[in-house]
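**Q** Below is the sequence, then the predicted model.
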Amino acid sequence: MQLIHDPLTRRTQVVLGVVGVVGFVAVLELVIRTGLLSGEGLPLPSAVGGQVVNLLGDGEFWTQIGFTLRQWLLGLVIASVVGIILGGLMGAVPTIFSMFLLPVEILRPLPSIAVGPLLVLILGAGMLPLSLTVALACMWPILFNSMYAARAVDPVAIQTARTLHVSRAGILMQIRLPAALPFMFTGIRVAASIGLIVAVSAELLFGSGQGIGGYILVASTNASNLDGVYAATLVAGVLGVLVTGVLASIDRLAFGWKEGLAQ
């Protein structure tokens with residue numbers, strides 16, 4: 001009896017995923033229409049789908065999407081710069097690791113959303129405190145992946161380079177950085193999904209009414225616009241799926257060779 005199955009192709013995975021989503025939506029529609037589940041707080045999926053189409057045809061809503069993407073991207077860039085530099089140094093230099101370990105362990109458990117209102121008080125309302133909130137949430141997976149990547153570099157390769165009198169800068173650019181890049185990008189890919197969730201949440205909780213979160217907040221004040229609330233939330237979810245898919249494709253194209261090494 002064969003216990004190990006061949007892995008599914010990407011096309012098959014996509015088809016099965018679509019079938020699962022369509023099946024779930026169909027069952028939910030049926031359950032609400034038959035009255036098995038109250039539709040007061042949960043509108044029909046077909047109504048939400050129609051509202052999604054309306055939103056995507058609204059230029060103002062695209063402006064809100066653009067605001068969310070800009071503040072998310074700024075936060076991700078800040079987190080990437082700080083996380084890669086600090087994480088790489090902590091992984092490569094024991095003194096720096098000892099120096100920053102305690103501050104990192106103190107700050108890491110803090111929910112970035114809880115810090116956000118303090119940033120608004122200090123910096124005022126606008127995109128910057130929202131982006132810094134995103135950066136705080138995104139920084140940790142990038143930092144730790146960079147730190148472990150710097151430690152995972154083959155010491156024999158480094159020792160060989162030193163024997164050949166390669167400079168520290170040369171070792172960094174020719175050995176450490178190429179070996180660490182796949183792990184750093186994995187940290188960025190994980191952080192990107194987290195950051196988008198935090199971006200919308202921050203707009204919803206302490207934003208200035210802009211972005212997808214701001215739209216959801218305004219729409220939720222109108223009891224008759226429940227479809228709009230769910231539609232905007234669905235758009236945010238689809239946006240997250242698209243971001244994850246794009247980054248996963250870049251990962252496969254740029255660092256596909258690492259899968260061969262793992263095998």
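**A** Cool, the structure landed. Residues are numbered from 1 along each chain as shown.

**Q** Nearest residue to the middle of the protein?
**A** S193 (1.7 Å; C-alpha atoms, centre = their mean).

**Q** just checking, it touches G240?
**A** Yes: using C-beta atoms under 8 Å, S193 is in contact with G240, at 5.9 Å. In short, each C-beta sits where N, CA and C put it, glycine included.

**Q** And for stretch 168-187, what's in contact with it?
**A** Stretch 168-187 is contacted from outside by 83-84, 87-88, 92, 141-146, 148-150, 152-154, 157-158, 161-162, 166, 250-251, 254-255, 258, using C-beta atoms under 8 Å, 6 or more residues apart in numbering.

**Q** Just the ones of those in helices?
**A** Judged by DSSP state H, helices contain the following of the contacts of stretch 168-187: 83-84, 87-88, 92, 141-146, 148-150, 157-158, 161-162, 250-251, 254-255, 258.

**Q** Narrow those to those that are buried.
**A** 83-84, 87-88, 92, 141-146, 148-150, 158, 161, 251, 258 (16 or more other C-beta atoms under 10 Å).

**Q** Now do stretch 152-169: distance to the chain's middle.
**A** 34 Å (C-alpha atoms, centre = their mean, to the nearest Å).

**Q** what is the rounded mean pLDDT of that stretch?
**A** The average pLDDT within stretch 152-169 is 81.

**Q** do the same with stretch 117-135
**A** 91.

**Q** end to end, how far does it reach?
**A** 14 Å (C-alpha to C-alpha, to the nearest Å).

**Q** show me what contacts S131?
**A** S131 neighbours (C-beta under 8 Å, 6+ apart): Q71, W72, L74, G75, I78.

**Q** and what of A125?
**A** Contact analysis of A125 by C-beta under 8 Å, 6+ apart lists G207, S208.

**Q** now it, what's its secondary structure?
**A** At A125 the chain is in coil, as set by DSSP: H, G, I helix; E, B strand; the rest coil.

**Q** And it, how far from A202?
**A** Distance, A125 to A202, using C-beta to C-beta, to the nearest Å: 12 Å.

**Q** Could you pull out the helices in the stretch 101-250 of the chain for me?
**A** With DSSP state H, counting those that start in this stretch as the criterion, the stretch 101-250 of the chain has helices at 112-123, 127-151, 155-163, 168-171, 177-206, 211-220, 226-255.

**Q** Could you dump those helices into TSV and include distance to V25?
**A** Supplementary listing: these in TSV, determined by distance: least, C-beta to C-beta, whole Å:
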stretch	distance to V25
helix 112-123	30
helix 127-151	30
helix 155-163	52
helix 168-171	54
helix 177-206	22
helix 211-220	20
helix 226-255	11
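
**Q** pLDDT weak spots in this structure?
**A** 1-7, 39, 256-263 (pLDDT under 70).

**Q** and L101, how many neighbours does it have?
**A** 12 (other C-beta atoms under 10 Å).

**Q** Go ahead and confirm it touches M90.
**A** Yes: when contacts are counted by C-beta under 8 Å, L101 is listed as touching M90 (7.5 Å).

**Q** and P111, what are its phi and psi?
**A** Backbone torsions of P111, given as degrees, to the nearest 10, read phi -70, psi 130.

**Q** got it, and V166?
**A** Here is the backbone geometry of V166 (degrees, to the nearest 10): phi -80, psi 140.

**Q** Next one: the nearest residue to it once chain neighbours are set aside relative to V25, how far apart?
**A** Distances taken as C-beta to C-beta, 6 or more residues apart in numbering place Q174 nearest to V166, at 7.1 Å, with adjacent residues excluded. For Q174, the distance to V25 (C-beta to C-beta) stands at 52 Å.

**Q** Do I have it right that A149 meets G91?
**A** Yes: the criterion here is C-beta under 8 Å, and A149 meets it with G91 at 6.8 Å.

**Q** From what I see, M127 and L69 are in contact.
**A** No: between M127 and L69 there is no contact under C-beta under 8 Å: 11.3 Å.

**Q** can you pick the most crowded of the contacts of S131?
**A** Top of the contacts of S131 by neighbour count (other C-beta under 10 Å): G75, with 30 neighbours.
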